[in-house]
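>>> show me the folded form of this:
(chains A and B)
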Amino acid sequence: MSSTAAQSASLSSATGAIVSLRDVGKTFASGVGALSGLNLEIHDGEFVTLLGASGCGKSTALRIVAGLIEPTEGDVVRPAGRNGGIGFVFQDPTLMPWASVARNVSLPLKLAGRRDAQADPGVTSALARVGLSEFAGSYPRELSGGMKMRVSIARALATEPKLLLMDEPFAALDEITRFRLNNDMLALWHDVRRTIVFVTHSVFESVYLSSRIIVMTARPGRVFTEIKIDAPYPRGNFRTSAEYAASCRTVSEALERAMTVS
Amino acid sequence: MNAQDRITRDESRQRLERAVRVVLPVLALGAGVLAWDLLVRLRNIPPYILPSPGLVFETLLNDWPVLWSSLLVTLTTAFEGLALAMMGGIGLAVLFNRSRLVEYSLYPYAVILQVTPVVAIAPLLLIYLPQPLAVLACAWIVAFFPVLANTTLGLNSVDRNLVDLFRLYGASGWQVLWDLKLPAALPHILGGLRIAGGLSLIGAVVAEIAAGAAGAGSGLAYRIAESGYRLNIPRMFAALLLLSVTGVAIFAVLSLVTHLALRRWHESAVGDEREA
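All right, here's what the predicted structure looks like:
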(Lines give C-alpha, C1' and ligand atoms only; values in the text may rest on other atoms or scores of the structure.)
Protein backbone atom coordinates (compact mmCIF):
# COMPACT_ATOMS: atom_id res chain seq x y z
CA MET A 1 0.00 0.00 0.00
CA SER A 2 2.68 2.45 1.00
CA SER A 3 4.94 1.41 -1.86
CA THR A 4 2.37 2.44 -4.46
CA ALA A 5 2.06 5.82 -2.76
CA ALA A 6 5.82 6.20 -2.92
CA GLN A 7 5.89 5.20 -6.56
CA SER A 8 3.26 7.63 -7.65
CA ALA A 9 4.99 10.35 -5.66
CA SER A 10 8.33 9.65 -7.29
CA LEU A 11 6.71 9.48 -10.71
CA SER A 12 5.27 12.94 -10.29
CA SER A 13 8.47 14.37 -8.91
CA ALA A 14 11.64 14.40 -10.97
CA THR A 15 13.90 14.53 -7.93
CA GLY A 16 12.60 11.44 -6.09
CA ALA A 17 11.32 13.45 -3.14
CA ILE A 18 8.04 12.27 -1.61
CA VAL A 19 7.05 15.86 -0.91
CA SER A 20 8.13 18.86 -2.84
CA LEU A 21 7.00 22.46 -2.68
CA ARG A 22 8.14 24.79 -5.46
CA ASP A 23 7.91 28.58 -5.10
CA VAL A 24 4.92 28.15 -2.85
CA GLY A 25 3.21 31.30 -1.62
CA LYS A 26 0.13 31.71 0.52
CA THR A 27 -1.75 34.92 1.13
CA PHE A 28 -4.83 34.66 3.30
CA ALA A 29 -8.12 36.34 2.45
CA SER A 30 -7.35 38.88 5.18
CA GLY A 31 -4.34 40.00 3.09
CA VAL A 32 -1.78 38.50 5.46
CA GLY A 33 1.09 36.90 3.56
CA ALA A 34 2.01 33.70 5.38
CA LEU A 35 4.45 32.18 2.89
CA SER A 36 6.35 33.50 -0.07
CA GLY A 37 8.74 31.63 -2.39
CA LEU A 38 9.00 28.55 -0.23
CA ASN A 39 11.03 25.70 -1.71
CA LEU A 40 11.12 22.43 0.13
CA GLU A 41 11.93 18.82 -0.66
CA ILE A 42 11.41 15.94 1.69
CA HIS A 43 12.87 12.53 0.96
CA ASP A 44 11.77 9.08 1.95
CA GLY A 45 12.62 8.15 5.54
CA GLU A 46 13.72 11.59 6.68
CA PHE A 47 12.88 13.24 9.99
CA VAL A 48 12.63 16.88 8.98
CA THR A 49 11.87 19.76 11.33
CA LEU A 50 10.48 23.09 10.25
CA LEU A 51 11.87 25.54 12.80
CA GLY A 52 10.81 29.14 13.09
CA ALA A 53 9.41 31.83 15.34
CA SER A 54 5.68 31.91 16.07
CA GLY A 55 3.71 33.18 13.12
CA CYS A 56 6.39 32.48 10.52
CA GLY A 57 4.03 30.31 8.46
CA LYS A 58 5.47 26.91 9.36
CA SER A 59 2.07 25.53 10.34
CA THR A 60 0.63 26.94 7.13
CA ALA A 61 3.37 25.14 5.17
CA LEU A 62 2.49 21.88 6.94
CA ARG A 63 -1.20 22.31 6.17
CA ILE A 64 -0.36 22.89 2.53
CA VAL A 65 1.64 19.66 2.49
CA ALA A 66 -1.36 17.89 4.04
CA GLY A 67 -3.68 19.37 1.42
CA LEU A 68 -5.82 21.05 4.08
CA ILE A 69 -5.25 24.42 2.43
CA GLU A 70 -4.28 25.23 -1.13
CA PRO A 71 -1.36 27.57 -1.84
CA THR A 72 -2.06 30.82 -3.69
CA GLU A 73 0.94 30.19 -5.91
CA GLY A 74 3.49 27.48 -6.68
CA ASP A 75 3.37 23.70 -7.10
CA VAL A 76 2.94 20.98 -4.51
CA VAL A 77 3.68 17.29 -4.85
CA ARG A 78 2.50 15.05 -2.01
CA PRO A 79 1.97 11.29 -1.55
CA ALA A 80 -0.94 10.08 -3.65
CA GLY A 81 -4.07 8.49 -2.26
CA ARG A 82 -6.98 10.42 -0.92
CA ASN A 83 -6.29 9.57 2.71
CA GLY A 84 -4.09 6.55 3.34
CA GLY A 85 -0.90 8.39 2.48
CA ILE A 86 -0.75 11.09 5.15
CA GLY A 87 -1.17 11.15 8.93
CA PHE A 88 -1.57 14.44 10.74
CA VAL A 89 -1.03 15.27 14.41
CA PHE A 90 -2.33 18.64 15.58
CA GLN A 91 -1.00 20.85 18.35
CA ASP A 92 -3.97 19.80 20.49
CA PRO A 93 -4.85 16.11 20.78
CA THR A 94 -8.06 16.88 18.81
CA LEU A 95 -9.88 13.78 20.03
CA MET A 96 -13.61 13.18 19.91
CA PRO A 97 -14.57 13.43 23.59
CA TRP A 98 -17.69 11.30 23.06
CA ALA A 99 -15.76 8.32 21.71
CA SER A 100 -13.53 5.79 23.44
CA VAL A 101 -9.80 5.67 22.73
CA ALA A 102 -10.27 2.71 20.36
CA ARG A 103 -13.01 4.51 18.45
CA ASN A 104 -10.86 7.63 18.18
CA VAL A 105 -7.89 5.67 16.87
CA SER A 106 -10.05 3.75 14.40
CA LEU A 107 -11.63 6.93 12.98
CA PRO A 108 -9.42 7.13 9.84
CA LEU A 109 -10.23 3.50 9.01
CA LYS A 110 -13.93 4.06 9.62
CA LEU A 111 -13.94 7.12 7.37
CA ALA A 112 -12.24 5.04 4.70
CA GLY A 113 -15.27 2.75 4.83
CA ARG A 114 -13.70 -0.12 6.75
CA ARG A 115 -16.34 -2.20 8.51
CA ASP A 116 -15.81 -2.99 12.17
CA ALA A 117 -12.92 -0.55 12.19
CA GLN A 118 -12.42 -0.73 15.95
CA ALA A 119 -11.42 -4.39 15.78
CA ASP A 120 -8.92 -3.73 12.98
CA PRO A 121 -5.40 -5.03 13.69
CA GLY A 122 -4.10 -1.60 12.62
CA VAL A 123 -5.84 -0.07 15.62
CA THR A 124 -4.53 -2.65 18.04
CA SER A 125 -0.96 -2.32 16.83
CA ALA A 126 -1.10 1.49 16.76
CA LEU A 127 -2.30 1.52 20.37
CA ALA A 128 0.39 -0.96 21.36
CA ARG A 129 3.03 1.17 19.67
CA VAL A 130 2.18 4.19 21.84
CA GLY A 131 1.83 2.00 24.94
CA LEU A 132 -1.90 2.48 25.46
CA SER A 133 -3.27 -1.02 24.80
CA GLU A 134 -4.92 -1.13 28.22
CA PHE A 135 -6.75 2.14 27.66
CA ALA A 136 -8.66 1.17 24.51
CA GLY A 137 -12.00 1.45 26.34
CA SER A 138 -11.20 4.71 28.20
CA TYR A 139 -12.58 8.10 27.29
CA PRO A 140 -10.30 11.05 26.49
CA ARG A 141 -11.28 13.00 29.59
CA GLU A 142 -10.02 10.15 31.76
CA LEU A 143 -6.50 10.48 30.30
CA SER A 144 -3.62 12.87 31.07
CA GLY A 145 -2.42 15.42 28.50
CA GLY A 146 0.50 13.23 27.46
CA MET A 147 -1.71 10.17 27.04
CA LYS A 148 -4.18 12.11 24.91
CA MET A 149 -1.30 13.14 22.66
CA ARG A 150 -0.29 9.47 22.36
CA VAL A 151 -3.84 8.61 21.31
CA SER A 152 -3.61 11.33 18.70
CA ILE A 153 -0.33 9.84 17.42
CA ALA A 154 -1.83 6.33 17.40
CA ARG A 155 -4.72 7.63 15.31
CA ALA A 156 -2.29 9.13 12.81
CA LEU A 157 -0.48 5.77 12.62
CA ALA A 158 -3.63 3.67 12.22
CA THR A 159 -3.68 3.93 8.43
CA GLU A 160 0.07 3.20 8.28
CA PRO A 161 0.73 6.40 6.37
CA LYS A 162 3.83 6.95 4.32
CA LEU A 163 4.16 10.47 5.65
CA LEU A 164 3.49 11.75 9.15
CA LEU A 165 2.95 15.47 9.65
CA MET A 166 3.17 16.89 13.17
CA ASP A 167 2.23 20.45 14.03
CA GLU A 168 3.93 21.41 17.32
CA PRO A 169 2.43 18.30 18.91
CA PHE A 170 4.21 18.60 22.25
CA ALA A 171 4.19 22.39 22.70
CA ALA A 172 1.44 22.33 25.32
CA LEU A 173 2.98 19.54 27.43
CA ASP A 174 5.27 19.78 30.43
CA GLU A 175 8.98 19.20 29.88
CA ILE A 176 9.15 15.74 31.47
CA THR A 177 6.28 14.44 29.32
CA ARG A 178 7.75 16.16 26.27
CA PHE A 179 11.13 14.48 26.72
CA ARG A 180 9.48 11.08 27.05
CA LEU A 181 7.32 11.60 24.01
CA ASN A 182 10.37 12.83 22.05
CA ASN A 183 12.16 9.59 22.90
CA ASP A 184 9.07 7.57 22.00
CA MET A 185 8.77 9.42 18.69
CA LEU A 186 12.34 8.55 17.77
CA ALA A 187 11.85 4.89 18.70
CA LEU A 188 8.68 4.85 16.65
CA TRP A 189 10.33 6.47 13.67
CA HIS A 190 13.18 3.98 13.92
CA ASP A 191 10.74 1.04 14.04
CA VAL A 192 8.41 1.93 11.26
CA ARG A 193 10.67 4.09 9.10
CA ARG A 194 8.04 6.63 8.21
CA THR A 195 8.89 10.01 6.86
CA ILE A 196 8.15 12.64 9.47
CA VAL A 197 7.77 16.39 9.04
CA PHE A 198 7.72 18.05 12.42
CA VAL A 199 6.93 21.70 13.15
CA THR A 200 8.33 23.29 16.29
CA HIS A 201 9.68 26.55 17.68
CA SER A 202 11.96 24.74 20.11
CA VAL A 203 15.61 24.63 19.03
CA PHE A 204 16.39 21.86 21.53
CA GLU A 205 13.55 19.67 20.38
CA SER A 206 14.44 20.13 16.72
CA VAL A 207 18.11 19.25 17.22
CA TYR A 208 17.31 16.19 19.32
CA LEU A 209 14.78 14.76 16.92
CA SER A 210 15.65 15.56 13.36
CA SER A 211 18.01 14.43 10.70
CA ARG A 212 17.53 17.79 8.96
CA ILE A 213 16.37 21.16 10.28
CA ILE A 214 14.84 23.74 8.01
CA VAL A 215 15.09 27.22 9.52
CA MET A 216 12.40 29.58 8.29
CA THR A 217 12.39 33.36 8.09
CA ALA A 218 9.82 35.61 9.70
CA ARG A 219 6.51 36.11 7.90
CA PRO A 220 6.03 35.78 5.01
CA GLY A 221 7.97 32.57 5.60
CA ARG A 222 10.50 30.95 3.32
CA VAL A 223 13.53 28.73 3.87
CA PHE A 224 16.41 30.67 5.42
CA THR A 225 18.83 27.79 5.69
CA GLU A 226 18.94 24.11 6.38
CA ILE A 227 21.14 22.28 8.84
CA LYS A 228 21.85 18.56 8.84
CA ILE A 229 22.19 16.86 12.21
CA ASP A 230 24.52 13.94 11.61
CA ALA A 231 24.38 12.31 15.04
CA PRO A 232 23.50 8.63 14.55
CA TYR A 233 20.21 7.15 15.76
CA PRO A 234 19.24 5.90 18.32
CA ARG A 235 20.17 9.06 20.18
CA GLY A 236 20.07 7.78 23.75
CA ASN A 237 22.86 9.94 25.20
CA PHE A 238 22.81 12.60 22.53
CA ARG A 239 20.98 15.13 24.70
CA THR A 240 23.87 15.37 27.17
CA SER A 241 26.69 15.31 24.60
CA ALA A 242 28.92 18.16 23.54
CA GLU A 243 27.84 17.74 19.90
CA TYR A 244 24.24 18.33 20.96
CA ALA A 245 25.19 21.58 22.70
CA ALA A 246 27.22 22.67 19.67
CA SER A 247 24.39 21.87 17.26
CA CYS A 248 21.94 23.74 19.44
CA ARG A 249 24.21 26.80 19.34
CA THR A 250 24.52 26.62 15.54
CA VAL A 251 20.79 26.30 15.09
CA SER A 252 20.04 29.07 17.61
CA GLU A 253 22.35 31.44 15.77
CA ALA A 254 20.77 30.53 12.44
CA LEU A 255 17.32 31.13 13.88
CA GLU A 256 18.36 34.51 15.22
CA ARG A 257 19.69 35.57 11.85
CA ALA A 258 16.58 34.20 10.14
CA MET A 259 14.39 36.41 12.27
CA THR A 260 16.22 39.60 11.30
CA VAL A 261 16.26 39.14 7.52
CA SER A 262 13.25 40.29 5.60
CA MET B 1 -3.63 7.40 58.67
CA ASN B 2 -4.24 11.12 58.55
CA ALA B 3 -5.22 10.96 54.89
CA GLN B 4 -7.58 8.09 55.61
CA ASP B 5 -9.24 10.19 58.30
CA ARG B 6 -9.65 13.06 55.92
CA ILE B 7 -11.26 10.83 53.29
CA THR B 8 -13.84 9.46 55.75
CA ARG B 9 -14.51 12.98 56.99
CA ASP B 10 -14.96 14.20 53.43
CA GLU B 11 -17.28 11.31 52.69
CA SER B 12 -19.47 11.88 55.72
CA ARG B 13 -19.60 15.60 54.96
CA GLN B 14 -20.71 14.79 51.41
CA ARG B 15 -23.38 12.42 52.70
CA LEU B 16 -24.62 15.10 55.11
CA GLU B 17 -24.77 17.65 52.31
CA ARG B 18 -26.76 15.25 50.16
CA ALA B 19 -29.24 14.59 52.97
CA VAL B 20 -29.61 18.32 53.61
CA ARG B 21 -30.37 18.93 49.96
CA VAL B 22 -33.29 16.50 50.14
CA VAL B 23 -34.52 17.32 53.62
CA LEU B 24 -34.56 21.12 53.33
CA PRO B 25 -36.99 21.41 50.39
CA VAL B 26 -39.25 18.79 51.99
CA LEU B 27 -39.26 20.79 55.23
CA ALA B 28 -40.01 24.00 53.34
CA LEU B 29 -42.89 22.29 51.55
CA GLY B 30 -44.25 20.95 54.83
CA ALA B 31 -44.08 24.39 56.45
CA GLY B 32 -45.84 25.94 53.46
CA VAL B 33 -48.66 23.39 53.48
CA LEU B 34 -49.02 23.77 57.26
CA ALA B 35 -49.24 27.57 56.99
CA TRP B 36 -51.81 27.21 54.21
CA ASP B 37 -53.90 24.83 56.32
CA LEU B 38 -53.70 27.07 59.39
CA LEU B 39 -54.66 30.13 57.38
CA VAL B 40 -57.77 28.37 56.03
CA ARG B 41 -58.77 27.04 59.46
CA LEU B 42 -58.11 30.14 61.57
CA ARG B 43 -59.70 32.57 59.15
CA ASN B 44 -62.54 30.21 58.26
CA ILE B 45 -61.93 30.75 54.55
CA PRO B 46 -64.67 29.03 52.53
CA PRO B 47 -63.47 26.34 50.09
CA TYR B 48 -64.75 28.26 47.02
CA ILE B 49 -62.17 30.94 47.79
CA LEU B 50 -59.30 28.87 49.11
CA PRO B 51 -59.70 25.15 49.79
CA SER B 52 -57.55 23.58 52.49
CA PRO B 53 -54.70 21.29 51.36
CA GLY B 54 -56.59 18.32 52.80
CA LEU B 55 -59.62 19.09 50.68
CA VAL B 56 -57.47 19.48 47.56
CA PHE B 57 -55.93 16.09 48.21
CA GLU B 58 -59.34 14.57 48.82
CA THR B 59 -60.64 16.03 45.55
CA LEU B 60 -57.60 14.66 43.77
CA LEU B 61 -58.48 11.17 44.99
CA ASN B 62 -62.25 11.47 44.44
CA ASP B 63 -61.98 12.99 40.97
CA TRP B 64 -59.09 10.78 39.95
CA PRO B 65 -60.85 9.03 37.02
CA VAL B 66 -61.74 12.38 35.40
CA LEU B 67 -58.39 13.98 36.17
CA TRP B 68 -56.42 10.95 35.05
CA SER B 69 -58.06 10.80 31.63
CA SER B 70 -57.50 14.56 31.27
CA LEU B 71 -53.88 14.17 32.29
CA LEU B 72 -53.38 11.54 29.61
CA VAL B 73 -54.80 13.87 26.97
CA THR B 74 -52.53 16.76 27.96
CA LEU B 75 -49.51 14.52 28.38
CA THR B 76 -50.01 12.97 24.94
CA THR B 77 -50.25 16.42 23.38
CA ALA B 78 -47.13 17.62 25.20
CA PHE B 79 -45.11 14.58 24.14
CA GLU B 80 -46.28 14.73 20.55
CA GLY B 81 -45.45 18.44 20.51
CA LEU B 82 -42.01 17.71 21.94
CA ALA B 83 -41.35 14.90 19.46
CA LEU B 84 -42.37 17.09 16.52
CA ALA B 85 -40.31 19.99 17.91
CA MET B 86 -37.31 17.70 18.21
CA MET B 87 -37.61 16.42 14.65
CA GLY B 88 -38.37 19.86 13.23
CA GLY B 89 -35.77 21.69 15.31
CA ILE B 90 -32.91 19.28 14.67
CA GLY B 91 -33.89 18.80 11.03
CA LEU B 92 -34.06 22.50 10.32
CA ALA B 93 -30.81 23.17 12.21
CA VAL B 94 -29.05 20.55 10.08
CA LEU B 95 -30.49 22.18 6.97
CA PHE B 96 -29.33 25.62 8.18
CA ASN B 97 -25.89 24.19 8.83
CA ARG B 98 -25.63 22.79 5.31
CA SER B 99 -26.99 25.80 3.49
CA ARG B 100 -26.47 29.41 4.45
CA LEU B 101 -29.13 30.46 1.94
CA VAL B 102 -31.82 28.42 3.67
CA GLU B 103 -30.70 29.79 7.03
CA TYR B 104 -30.84 33.41 5.86
CA SER B 105 -34.29 32.91 4.31
CA LEU B 106 -35.97 31.05 7.17
CA TYR B 107 -34.27 32.01 10.42
CA PRO B 108 -36.08 35.36 10.85
CA TYR B 109 -39.42 33.56 10.64
CA ALA B 110 -38.37 31.03 13.24
CA VAL B 111 -37.57 33.99 15.51
CA ILE B 112 -40.93 35.65 14.76
CA LEU B 113 -42.70 32.41 15.61
CA GLN B 114 -40.83 32.35 18.91
CA VAL B 115 -41.32 35.97 20.00
CA THR B 116 -45.03 36.13 19.15
CA PRO B 117 -46.85 35.10 22.36
CA VAL B 118 -48.52 31.76 21.80
CA VAL B 119 -51.60 32.96 23.71
CA ALA B 120 -52.16 35.38 20.85
CA ILE B 121 -51.74 32.77 18.14
CA ALA B 122 -53.87 30.06 19.76
CA PRO B 123 -57.32 31.61 19.00
CA LEU B 124 -56.37 31.94 15.34
CA LEU B 125 -55.15 28.37 15.12
CA LEU B 126 -58.37 27.22 16.76
CA ILE B 127 -60.31 28.82 13.93
CA TYR B 128 -58.35 27.18 11.14
CA LEU B 129 -57.54 23.77 12.63
CA PRO B 130 -59.60 21.12 14.41
CA GLN B 131 -59.07 21.52 18.13
CA PRO B 132 -56.68 18.61 18.89
CA LEU B 133 -54.51 19.67 15.97
CA ALA B 134 -54.55 23.33 17.06
CA VAL B 135 -53.47 22.38 20.59
CA LEU B 136 -50.69 20.23 19.18
CA ALA B 137 -49.60 23.07 16.89
CA CYS B 138 -49.33 25.42 19.89
CA ALA B 139 -47.26 22.90 21.83
CA TRP B 140 -45.01 22.53 18.80
CA ILE B 141 -44.60 26.27 18.20
CA VAL B 142 -43.29 27.04 21.68
CA ALA B 143 -41.14 23.92 21.97
CA PHE B 144 -39.60 24.14 18.53
CA PHE B 145 -37.37 27.21 18.84
CA PRO B 146 -35.15 26.19 21.80
CA VAL B 147 -34.33 22.93 19.99
CA LEU B 148 -33.54 24.80 16.76
CA ALA B 149 -31.46 27.51 18.44
CA ASN B 150 -29.49 25.11 20.63
CA THR B 151 -28.86 22.59 17.86
CA THR B 152 -27.68 25.40 15.56
CA LEU B 153 -25.28 26.58 18.25
CA GLY B 154 -24.06 23.03 18.82
CA LEU B 155 -23.49 22.30 15.14
CA ASN B 156 -21.52 25.52 14.77
CA SER B 157 -19.25 24.94 17.76
CA VAL B 158 -17.49 21.85 16.46
CA ASP B 159 -13.71 21.75 17.01
CA ARG B 160 -12.23 23.12 13.77
CA ASN B 161 -9.25 20.83 13.94
CA LEU B 162 -11.58 17.83 14.05
CA VAL B 163 -13.31 19.18 10.95
CA ASP B 164 -9.88 19.42 9.28
CA LEU B 165 -9.08 15.88 10.37
CA PHE B 166 -12.30 14.55 8.85
CA ARG B 167 -11.49 16.43 5.65
CA LEU B 168 -7.95 15.05 5.59
CA TYR B 169 -9.31 11.51 5.71
CA GLY B 170 -11.77 12.26 2.92
CA ALA B 171 -14.96 12.07 4.99
CA SER B 172 -18.23 12.53 3.09
CA GLY B 173 -20.68 15.25 4.08
CA TRP B 174 -22.89 12.60 5.61
CA GLN B 175 -20.01 11.21 7.71
CA VAL B 176 -19.11 14.69 8.93
CA LEU B 177 -22.72 15.25 9.98
CA TRP B 178 -23.34 11.86 11.56
CA ASP B 179 -19.96 11.08 13.13
CA LEU B 180 -18.80 14.58 14.02
CA LYS B 181 -21.34 17.37 14.08
CA LEU B 182 -24.33 15.63 15.68
CA PRO B 183 -22.32 13.96 18.48
CA ALA B 184 -20.51 17.25 19.14
CA ALA B 185 -23.86 19.07 19.29
CA LEU B 186 -25.49 16.45 21.52
CA PRO B 187 -25.02 18.33 24.84
CA HIS B 188 -26.56 21.43 23.27
CA ILE B 189 -29.41 19.45 21.70
CA LEU B 190 -30.24 17.78 25.01
CA GLY B 191 -30.14 21.17 26.77
CA GLY B 192 -32.61 22.48 24.20
CA LEU B 193 -34.85 19.45 24.69
CA ARG B 194 -34.93 20.01 28.44
CA ILE B 195 -36.24 23.53 27.90
CA ALA B 196 -38.58 22.38 25.14
CA GLY B 197 -40.16 19.67 27.35
CA GLY B 198 -41.51 22.24 29.82
CA LEU B 199 -42.49 24.65 27.06
CA SER B 200 -44.39 21.98 25.16
CA LEU B 201 -46.57 21.41 28.22
CA ILE B 202 -47.12 25.17 28.54
CA GLY B 203 -48.08 25.39 24.86
CA ALA B 204 -50.62 22.58 25.22
CA VAL B 205 -52.11 24.21 28.33
CA VAL B 206 -52.34 27.65 26.74
CA ALA B 207 -54.15 26.26 23.70
CA GLU B 208 -56.57 24.26 25.83
CA ILE B 209 -57.38 27.35 27.91
CA ALA B 210 -57.85 29.40 24.75
CA ALA B 211 -60.19 26.75 23.38
CA GLY B 212 -62.02 27.06 26.69
CA ALA B 213 -65.67 26.08 26.90
CA ALA B 214 -65.97 26.10 23.11
CA GLY B 215 -63.60 23.17 22.87
CA ALA B 216 -64.58 19.56 22.94
CA GLY B 217 -61.23 18.62 24.48
CA SER B 218 -60.79 17.17 27.90
CA GLY B 219 -57.20 18.05 28.79
CA LEU B 220 -56.10 19.14 32.24
CA ALA B 221 -56.14 22.83 31.37
CA TYR B 222 -59.64 22.42 30.01
CA ARG B 223 -60.58 20.87 33.38
CA ILE B 224 -59.10 23.90 35.17
CA ALA B 225 -61.06 26.33 33.01
CA GLU B 226 -64.25 24.29 33.37
CA SER B 227 -63.85 24.01 37.16
CA GLY B 228 -63.30 27.76 37.28
CA TYR B 229 -66.60 28.43 35.55
CA ARG B 230 -68.34 26.10 37.99
CA LEU B 231 -66.56 27.60 41.01
CA ASN B 232 -65.25 24.11 41.77
CA ILE B 233 -62.07 25.59 43.26
CA PRO B 234 -60.79 22.40 44.96
CA ARG B 235 -60.77 20.61 41.62
CA MET B 236 -59.00 23.58 40.06
CA PHE B 237 -56.26 23.22 42.64
CA ALA B 238 -56.11 19.46 42.19
CA ALA B 239 -55.72 19.79 38.42
CA LEU B 240 -53.10 22.51 38.89
CA LEU B 241 -51.17 20.30 41.27
CA LEU B 242 -51.25 17.47 38.77
CA LEU B 243 -50.04 19.83 36.05
CA SER B 244 -47.02 20.99 38.08
CA VAL B 245 -46.12 17.41 38.98
CA THR B 246 -46.32 16.53 35.28
CA GLY B 247 -44.02 19.42 34.39
CA VAL B 248 -41.51 18.35 37.02
CA ALA B 249 -41.73 14.74 35.82
CA ILE B 250 -41.06 15.74 32.19
CA PHE B 251 -38.05 17.78 33.29
CA ALA B 252 -36.77 14.93 35.47
CA VAL B 253 -37.08 12.36 32.68
CA LEU B 254 -35.26 14.60 30.18
CA SER B 255 -32.55 15.36 32.77
CA LEU B 256 -32.09 11.64 33.32
CA VAL B 257 -31.80 11.03 29.58
CA THR B 258 -29.21 13.83 29.37
CA HIS B 259 -27.24 12.40 32.24
CA LEU B 260 -27.23 8.89 30.80
CA ALA B 261 -26.21 10.09 27.35
CA LEU B 262 -23.37 12.35 28.52
CA ARG B 263 -22.04 10.81 31.69
CA ARG B 264 -18.96 9.23 30.15
CA TRP B 265 -17.63 12.27 28.38
CA HIS B 266 -19.26 15.65 28.97
CA GLU B 267 -18.13 17.82 31.86
CA SER B 268 -21.69 18.84 32.77
CA ALA B 269 -22.85 15.27 33.38
CA VAL B 270 -19.56 14.21 34.95
CA GLY B 271 -19.89 17.07 37.46
CA ASP B 272 -23.37 15.84 38.35
CA GLU B 273 -22.05 12.40 39.00
CA ARG B 274 -19.38 13.65 41.36
CA GLU B 275 -21.91 15.66 43.34
CA ALA B 276 -24.72 13.15 43.40
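>>> C-alpha from now on. contacts and neighbour counts both.
Will do.
>>> where does the residue nearest to A:L255 when sequence neighbours are not counted fall, phi/psi-wise?
Setting aside the residues directly before and after it, A:L255 is nearest to A:V215 in space (Cα to Cα, 6 or more residues apart in numbering or on different chains), at 6.3 Å. Dihedral angles of A:V215 (phi, psi; degrees, to the nearest 10) stand at phi -90, psi 130.
>>> residue ranges with poor pLDDT in chain A?
Residues of chain A meeting the criterion pLDDT under 70: A:1-16, A:80-84, A:262.
>>> what residues go with each domain of it?
Listed by automatic domain parsing, the domain ranges of chain A are A:2-85+A:161-260, A:97-160.
>>> hmm, who's touching whatever helix or strand B:N161 lives in?
Assessed by DSSP states H and E, B:N161 sits inside helix B:160-168. The list of residues contacting helix B:160-168 from outside it, by Cα atoms under 8 Å, 6 or more residues apart in numbering or on different chains, reads A:66-68, A:83, A:88, A:90, A:94-96, A:111, B:176, B:180.
>>> just give me how far it sits from the chain centre.
Its chain's average C-alpha position is 35 Å from that of helix B:160-168, according to Cα atoms, centre = their mean, to the nearest Å.
>>> for it, give the mean pLDDT please.
Mean pLDDT, computed over helix B:160-168, is 92.
>>> who are the packing partners of the helix or strand harbouring B:V248?
Using DSSP H and E, B:V248 sits in helix B:233-262. When contacts are defined as 3 or more Cα pairs under 8 Å, 6 or more residues apart in numbering or on different chains; DSSP states H and E, helix B:233-262 packs onto helix B:53-62, helix B:64-98, helix B:182-211, helix B:220-229, helix B:267-275.
>>> how about 6 Å then?
helix B:53-62, helix B:182-211 (3 or more Cα pairs under 6 Å, 6 or more residues apart in numbering or on different chains; DSSP states H and E).
>>> return the most buried member of the ones you listed.
helix B:182-211 (a mean of 24; mean count of other Cα atoms under 10 Å in any protein chain shown).
>>> helices or strands up against that helix?
Contact analysis of helix B:182-211 by 3+ Cα pairs under 6 Å, 6+ apart lists helix B:64-98, helix B:131-156, helix B:220-229, helix B:233-262 as its packing neighbours.
>>> what's the angle from that helix to helix B:64-98?
Helix B:182-211 runs at 130 degrees relative to helix B:64-98, counting by axes from the mean of the first three to the mean of the last three Cα atoms, to 10 degrees.
>>> chain center to helix B:182-211: distance?
5 Å.
>>> ok, stretch A:38-50 next?
For stretch A:38-50 - counting by Cα atoms, centre = their mean - the centre lies 10 Å from the chain centre.
>>> phi first, then psi, for the closest residue to chain A within chain B.
Proximity of chain B to chain A (Cα to the nearest Cα) peaks at B:Y169, 4.7 Å away. Main-chain dihedrals, B:Y169, degrees, to the nearest 10: phi -90, psi 20.
>>> and stretch A:155-171 with chain B, contact?
No: shown here: stretch A:155-171 not in contact with chain B (Cα under 6 Å from any Cα of the partner chain), separated by at least 9.8 Å.
>>> over to that stretch now: how far is its first residue from its last?
Using Cα to Cα, to the nearest Å, one end of stretch A:155-171 lies 19 Å from the other.
>>> assign a three-state SS to the closest residue to A:R222 other than its chain neighbours, would you?
Setting aside the residues directly before and after it, A:R222 is nearest to A:L38 in space (Cα to Cα, 6+ apart), at 4.5 Å. Put simply, A:L38 is strand when judged by DSSP: H, G, I helix; E, B strand; the rest coil.
>>> what's next to stretch A:183-203, contact-wise?
By Cα atoms under 6 Å, 6 or more residues apart in numbering or on different chains, the list of residues contacting stretch A:183-203 from outside reads A:44-53, A:162-168.
>>> how about it: buried residues?
By neighbour count with 16 or more other Cα atoms under 10 Å in any protein chain shown, stretch A:183-203 contains the buried residues A:183-187, A:189, A:193-201, A:203.
>>> what's the nearest residue to B:T151 if we skip its chain neighbours?
That would be B:I189: by Cα to Cα, 6+ apart, it lies 5.0 Å from B:T151.
>>> er, B:I202 I mean
Leaving out its chain neighbours, the residue that sits closest to B:I202 by Cα to Cα, 6+ apart is B:A139, at 7.1 Å.
>>> is it true that the one you found touches B:A204?
Yes: with contact defined as Cα atoms under 6 Å, B:A139 counts as touching B:A204 (4.8 Å).
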